[in-house]
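Participant: sequence isn't available, so here's the structure alone:
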């Protein structure tokens, strides 16, 4: 997939453009992308970074990093993605100016979006305006009950199965392995300490079963209360894995929430519980 940051970086050709933030690239977003692909024109996505709500100073817990969003869009069959830097200048563009400056130069003939799509200064633009400007527009079929907000709510409850049904795949954590306390190795269960972007949503604290790098993983999300921790840590233990992960990017799927964090009477009780968590991870079934 070609990734561009200006319309001039894309060859001008007949395109069907799916436009939106696509946070999480969930099943509703997939409906928009599929509608663009089905036109037979060059399937192109126009998306924004940072998320418009973040750029406006609001708090948003993102479901995916930009890097992961682009990977997921490519997996759907998108040919090109134009990443629009959501600056104050872009924010202040009238809808007509955005359409003529960012869509028209790519060769866009069709624009696909959800029914409630709005764009431009004060969100004054919609698909009807694009029709008046000469674009053909398609309202993508809505999938009832699926939204980024609903997925966030499920993850706040630790309900990764519900989130997976809306996403069309397991929810993920995406980050880089950094140095941690290195305590897991002394317990016989070495873990990777995952550093994620500050705006990325992290599910309810607890112990999860999941997968990364083709290995099942028992994942601790929380503060390690047994050791009196206060800083949030995300620590996957990769089953049947040997090797150095420092500095490596991991995309960790979450399959099932196993239990809450806990304080144990002895370290041996903690080790025994981790063994049970590992056994449950081996038995876990990937959702969706």
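Facilitator: Cool, the structure landed. Here the structure is a predicted model, which is why all the values come from computation and not from measurement.
Participant: how close does residue 120 sit to residue 257?
Facilitator: Using Cβ to Cβ, to the nearest Å, residue 120 is found at 41 Å from residue 257. Every residue, glycine included, has its C-beta placed from N, CA and C.
Participant: and residue 108, by the same measure?
Facilitator: 43 Å.
Participant: the two: who's more crowded?
Facilitator: Higher neighbour count among residue 108 and residue 257: residue 108, with 27 against 21, using other Cβ atoms under 10 Å.
Participant: average pLDDT for stretch 195-202?
Facilitator: The average pLDDT within stretch 195-202 is 96.
Participant: now do that stretch: distance from first to last residue.
Facilitator: Start and end residues of stretch 195-202 are separated by 11 Å (Cα to Cα, to the nearest Å).
Participant: buried ones in stretch 68-78?
Facilitator: 68-70, 72-74, 76, 78 (16 or more other Cβ atoms under 10 Å).
Participant: oh sorry, the question was meant for stretch 23-31
Facilitator: Buried, per 16+ other Cβ under 10 Å, within stretch 23-31: 23-31.
Participant: now do the helix or strand hosting residue 236: distance to the chain's middle.
Facilitator: Using DSSP states H and E, residue 236 sits within strand 233-238. Distance of strand 233-238 from the chain centroid (Cα atoms, centre = their mean, to the nearest Å) equals 19 Å.
Participant: pairing partners for that strand, with directions?
Facilitator: In the sheet, strand 233-238 lines up against strand 215-222 (antiparallel) (DSSP bridges).
Participant: quick one: average confidence on the partner strand?
Facilitator: In the prediction, strand 215-222 has an average pLDDT of 97.
Participant: please renumber the chain so that the first residue is 137 from this point on.
Facilitator: From this message on, residue numbering opens at 137, which makes the last subject strand 351-358.
Participant: could you list the domains of the chain?
Facilitator: According to automatic domain parsing, the chain comprises the domains 138-275, 306-419.
Participant: residue 298: which of those domains is closest?
Facilitator: For the domains of the chain, the distance to residue 298 is smallest for domain 306-419, at 9.6 Å, taking Cβ to Cβ.
Participant: and for residue 328, the neighbour number?
Facilitator: Neighbourhood size, residue 328 [other Cβ under 10 Å]: 26.
Participant: give me every residue that touches residue 323.
Facilitator: Residues in contact with residue 323 (Cβ atoms under 8 Å, 6 or more residues apart in numbering) are 403, 406-407, 410.
Participant: helices - which of the buried residues of stretch 159-167 land there?
Facilitator: Residues of these located in helices (DSSP state H): 163-167.
Participant: does residue 412 count as helix, strand or coil?
Facilitator: With DSSP: H, G, I helix; E, B strand; the rest coil as the basis, residue 412 sits in helix.
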